[in-house]
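Undergrad: Give the three-dimensional model of this entry:
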Amino acid sequence: MLLLGGVAFEIWPPVASGSQQLQSACWRVGALMAVWWLAYKEVMRLPAWILAAIPALALTLAIRPRWFLIALPIVIALLVLRPRAPKRR
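TA: Residues are numbered from 1 along each chain as shown. Below is the predicted model of the structure:
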């Protein structure tokens, strides 16, 4: 519906102030919801703690953006240094 709203604003642009912001919000949030819909099954397979940690991390980085410079190397180190699953024969 949001993508259709973006198309409608493209075809019939409103003359009210702030309509460009509403149109861009329709496009961006509509695209985000389309991607979420396509990835829904895979997202539901994630552990519950990740679904809570991602918004908390996003909020923390929105409040303190410089922490990204500290968090990025830590995340990369955790991904590289994590224990590997044993190979099955």
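Undergrad: for this protein, which helix is longest?
TA: helix 19-38 (DSSP state H).
Undergrad: quick one, domains of this protein?
TA: 1-45, 46-89 (automatic domain parsing).
Undergrad: okay, those domains, which one's buried deepest?
TA: domain 1-45 (a mean of 12; mean count of other Cβ atoms under 10 Å). Heads up, the C-betas are built off the backbone N, CA and C, glycines and all.
Undergrad: residue nearest the centroid of the chain?
TA: Centroid-nearest residue in the chain: residue 32, 7.2 Å away (criterion: Cα atoms, centre = their mean).
Undergrad: What distance do you get for that residue to residue 5?
TA: Using Cβ to Cβ, to the nearest Å, we find residue 32 at a distance of 14 Å from residue 5.
Undergrad: quick one: low-confidence ranges for this protein?
TA: 89 (pLDDT under 70).
Undergrad: switch the cut-off to 90
TA: Scanning the chain for pLDDT under 90 picks out 5-6, 9-10, 12-24, 42-62, 64-89.
Undergrad: quick one on the thing from earlier: now do the helix or strand just after the longest helix of the chain: everything it contacts.
TA: Moving toward the C-terminus from helix 19-38, the next helix or strand (DSSP states H and E) is helix 40-44. Helix 40-44 is contacted by residues 36, 51 when judged by Cβ atoms under 8 Å, 6 or more residues apart in numbering.
Undergrad: Beyond helix 40-44, next helix or strand please.
TA: Criterion used, DSSP H and E; the element after helix 40-44 is helix 48-63.
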